[in-house]
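Participant: okay, sequence plus prediction incoming.
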Amino acid sequence: MAEASSLAGKLESDVEIKASAEQFHHMFTAKPHHVYKATPGKVVGCDLNEGEWGKVGSIITWNLIHGNLLTLRDGDECISRFKYYLPDAEGKPMVSKDRIDAVEPEKNLIKMTVIEGDILKEYKSFAFTIQATPKPEGSGSIVHWHLDYEKISEEISHPETLLQFCVDISKEIDDHLLAEEESSLVGKLETEVEIKASAEKFHHMFTARPHHVSKATPGKIQACDLHEGEWGKVGSIISWNFVHDGEAKVSKDRIDAVEPEKNLIKLTVIEGDLLKEYKSFAFTIQATPKHEGSGSIVHWHLEYEKISEEIAHPETLLQFCVEMSKEIDDHLLAEE
């Protein structure tokens with residue numbers, strides 16, 4: 001709470017976010033000039049004036065929007081700095097130039113002090129301290145904002161709206177960090193395999209008799225068992241024993257979609273070796289008749305989310321699917 005009876009004041013707020021404390025701190029130290037990507041409606045830029053990003057003593061300026069964006073000029077020169085609007089500022093832009101006074105990586109803390117700008121017309125001093133702390137339980141963290149200031153007179157309002165602005169950008173940064181993480185971990189791989197067998201026959205192999213695939217690809221698929229439901233029915237559970245990258249593996253899959261008219265089947269992995277490296281994994285297999293002549297095109301679509309950046313994208317598994325398709329094709333042609 002602010003000390004309303006004094007010119008000196010403090011405002012504080014905690015914001016619960018899903019991103020890690022390290023990720024949030026890194027945003028304000030190593031790449032504050034990327035904050036605009038996270039909060040395009042509020043932050044429109046950040047410039048380094050002196051020193052290095054995230055280093056004590058460095059000077060940075062921010063371009064923000066708190067209200068309507070206006071252009072502030074000093075004579076004929078346009079000044080692009082920390083711009084925001086407060087109700088008690090009568091709609092006029094404020095400019096702030098900040099010095100980094102403290103950076104404590106082990107505490108995920110940074111402190112910035114305003115050294116120039118319109119905000120100092122109403123405050124003798126103004127400083128922001130931002131600290132992110134891991135939550136005691138579970139993932140995510142708590143971002144603590146601490147505004148420390150001294151007003152020039154009792155008539156000046158306490159900066160509650162600026163504190164709310166900080167809360168709002170914290171939430172938008174959190175969304176951005178999560179989207180960044182998800183976009184780098186989530187992936188899709190696709191390929192097409194031209195085969196001589198018909199689309200219906202290939203599709204039939206994965207719906208009506210996937211337990212026969214081992215006959216077609218003995219070096220890759222050892223067995224396929226039905227655990228629940230019926231072959232080729234949505235909701236049914238099947239498991240595959242296969243050899244990939246020289247290792248024997250198991251995958252238990254749920255049939256999530258079967259569209260006979262499109263010769264399409266979708267399988268989602270629910271247990272097994274793949275989930276040691278991927279949070280989720282799904283295969284969509286669709287066979288389409290060729291436009292001219294006999295045969296068809298088999299389209300494989302792998303959709304997945306890795307558990308970490310260290311995990312490779314499953315290119316070798318996609319190649320496994322390609323080779324398996326060709327062996328199934330040979331088997332179907334030999335059956336004719």
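Facilitator: Thanks, I have the structure now.
Participant: neighbours of the closest residue to residue 41 other than its chain neighbours, just the number please.
Facilitator: Spatial nearest neighbour of residue 41, chain neighbours left out: residue 65 (6.7 Å); criterion: Cβ to Cβ, 6 or more residues apart in numbering. C-betas here are computed from N, CA, C, even on glycine. The number of residues packed near residue 65 is 18, by other Cβ atoms under 10 Å.
Participant: do the same with residue 222
Facilitator: 16.
Participant: repeat for residue 40
Facilitator: Residue 40 has 12 nearby residues by other Cβ under 10 Å.
Participant: returning to what we had before: mind checking how far the residue nearest to residue 41 is from residue 128?
Facilitator: 17 Å (Cβ to Cβ, to the nearest Å).
Participant: do I have it right that the residue nearest to residue 41 meets residue 45?
Facilitator: No. Residue 65 lies out of contact with residue 45 (Cβ atoms under 8 Å); the separation is 10.4 Å.
Participant: hmm, residue 321 is touching residue 314, no?
Facilitator: No. In this structure, residue 321 is not within contact of residue 314 by Cβ under 8 Å, at 9.6 Å.
Participant: which neighbours do the two share?
Facilitator: residue 302 (Cβ atoms under 8 Å, 6 or more residues apart in numbering).
Participant: and stretch 17-37, which residues are buried?
Facilitator: Taking 16 or more other Cβ atoms under 10 Å as the neighbour-count basis, stretch 17-37 is seen to contain the buried residues 17-21, 23-29, 32, 35-36.
Participant: how about it as CSV, C-alpha atoms only?
Facilitator: Extracted in CSV, the C-alpha atoms of stretch 17-37 (Å, rounded to 0.1, in the frame of the first residue of the first chain):
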residue,chain,number,x,y,z
ILE,A,17,2.6,-16.6,-14.2
LYS,A,18,3.1,-20.0,-15.8
ALA,A,19,6.6,-19.3,-17.3
SER,A,20,9.7,-19.9,-15.2
ALA,A,21,11.3,-17.2,-13.1
GLU,A,22,14.5,-17.5,-15.2
GLN,A,23,12.6,-17.0,-18.5
PHE,A,24,10.8,-13.9,-17.2
HIS,A,25,14.0,-12.4,-15.8
HIS,A,26,15.9,-13.1,-19.0
MET,A,27,13.3,-11.1,-20.9
PHE,A,28,14.1,-8.0,-18.9
THR,A,29,17.9,-8.5,-18.9
ALA,A,30,19.1,-10.2,-22.0
LYS,A,31,16.3,-9.2,-24.4
PRO,A,32,14.2,-6.3,-23.2
HIS,A,33,14.2,-5.1,-26.8
HIS,A,34,12.0,-8.1,-27.6
VAL,A,35,9.3,-7.2,-25.1
TYR,A,36,7.4,-5.4,-27.8
LYS,A,37,6.8,-8.8,-29.5
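Participant: quick check: what element follows the helix or strand harbouring residue 173 along the chain?
Facilitator: Assignment of secondary structure by DSSP states H and E places residue 173 within helix 160-185. Next along the chain after helix 160-185, taking DSSP H and E as the criterion, comes strand 186-195.
Participant: what strands flank that next one, and is each parallel or antiparallel?
Facilitator: strand 296-306 (antiparallel) (DSSP bridges).
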